[in-house]
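Chemist: Any chance you can model this:
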Amino acid sequence: MRRFGMAWLSVALLAVACGPGAPSVAPLTKLTVGLGYIPSVQFAQFYRAKVQGYYAAAGLDVTFQNGDDANLVTLIAQGADDIGIADGTSVIPAVGQRIPIKYVATIYAQFPNVVIVPQGSSINSAADLRGKTLGIPGAYGSSWIMLQALLSSASLTTADIVERDYPDYGQGVALQQGQVQAATAYRNNEPVQLGLAGFETSQLTVDDVVPLPGPGLIVGTATLASKRDALAAFVAATLRAMNEIAANPEAGLDDSIAVVPELGADRATQLAILRATIEMWHSPNTDANGLGAIDVSAWGQSLSFMRGLPGSNIPATLSAAQLVTTEVLP
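Modeler: As a prediction, the model looks like this:
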């Protein structure tokens with residue numbers, strides 16, 4: 001009799017819980033997020049927001065996909081990925097070719113591509129690159145655009161240097177081995193790892209030449225229209241994680257290792273890369289307006305510069321307003 005009574009009570013409670021007056025749980029909105037070529041501690045803010053439940057609390061079911069920049073732009077434009085991180089310098093020519101994407105939040109407030117030289121080198125400025133050998137992955141992408149901007153500040157072109165291509169991205173090692181006198185690099189990657197290996201470098205940066213837009217979050221225009229609230233929730237959760245990691249990098253590393261366990265094999269290196277990455281989230285603009293803020297005027301300057309590059313087919317009518325939107329920023 002007691003067992004029957006408990007069974008009856010369980011059924012009764014279930015009926016109450018599922019009755020007309022019971023609160024319903026809304027289904028989570030699925031978002032596919034395109035990140036960089038391989039999983040990396042450089043994506044710590046996304047990992048933290050997922051591990052700490054910020055996305056779920058915002059009603060989101062987030063899945064990460066990795067891929068190269070060109071493919072991510074295509075996937076996002078097609079709606080196969082909902083949102084992802086891509087170079088700002090990839091957005092300008094893409095929109096110029098009528099690819100329907102928008103840049104919605106800044107991740108790298110400083111342009112990550114630099115030229116590095118051995119510490120103590122006679123190369124101290126862009127003008128000193130004349131006649132020097134320089135390693136680069138190839139004549140494409142953000143490194144190539146940065147190099148042209150840097151050289152133009154000294155009235156030089158790529159014809160004034162000796163370019164050596166390293167399609168496998170081995171130009172940093174080539175610099176260390178003396179195969180080249182300078183090399184392009186990501187300031188939060190090669191210089192950090194070379195420094196930890198005892199090979200110190202100096203950097204030539206493009207930030208004071210032209211404010212090229214760094215990697216940030218992009219979305220397809222159709223996705224922006226159909227999932228605006230979900231995208232705004234995603235951006236807010238991600239920026240929350242960025243602020244927390246900026247205050248406590250170790251927490252960001254721990255959450256990164258929770259998602260990508262192999263990152264735990266060398267915590268010291270990964271923490272150094274993360275600290276260098278955090279530095280690039282900040283600029284006078286983001287310090288004044290918050291992480292994620294978009295400097296629309298700087299985009300206008302970048303657009304003018306890229307339109308003037310040799311072989312550019314960026315339309316004269318293209319404007320910064322067609323490239324960026326602040327509608328999903330907090």
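
Chemist: What ranges does this structure have for its strands?
Modeler: 29-35, 60-66, 83-86, 101-106, 113-118, 133-136, 162-165, 182-186, 201-204, 216-220 (DSSP state E).

Chemist: The last one - contacts with which helices or strands?
Modeler: Using 3 or more C-beta pairs under 8 Å, 6 or more residues apart in numbering; DSSP states H and E as the contact criterion, the secondary-structure elements in contact with strand 216-220 are helix 69-78, strand 83-86, strand 101-106, helix 228-247. (Each C-beta comes from the backbone N, C-alpha and C, glycine too.)

Chemist: Kindly reformat the ones you listed as JSON lines containing mean pLDDT.
Modeler: Formatted as JSON lines, those follow (pLDDT from 0 to 100):
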{"stretch": "helix 69-78", "mean pLDDT": "90"}
{"stretch": "strand 83-86", "mean pLDDT": "96"}
{"stretch": "strand 101-106", "mean pLDDT": "98"}
{"stretch": "helix 228-247", "mean pLDDT": "98"}
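
Chemist: Please convert those to JSON lines, extending it with distance to residue 256 and mean neighbour count.
Modeler: Formatted as JSON lines, these follow (distance: least, C-beta to C-beta, whole Å; neighbours: other C-beta atoms under 10 Å):
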{"stretch": "helix 69-78", "distance to residue 256": "20", "mean neighbour count": "20"}
{"stretch": "strand 83-86", "distance to residue 256": "15", "mean neighbour count": "25"}
{"stretch": "strand 101-106", "distance to residue 256": "20", "mean neighbour count": "24"}
{"stretch": "helix 228-247", "distance to residue 256": "9", "mean neighbour count": "20"}
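
Chemist: export these to CSV and tack on distance to residue 218?
Modeler: Below are the helices and strands packed on strand 216-220 laid out as CSV (distance: least, C-beta to C-beta, whole Å):
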stretch, distance to residue 218
helix 69-78, 6
strand 83-86, 5
strand 101-106, 5
helix 228-247, 11
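
Chemist: To residue 213, which of the ones you listed lies closest?
Modeler: Across the helices and strands packed on strand 216-220, residue 213 has its closest neighbour in strand 101-106 (7.1 Å, C-beta to C-beta).
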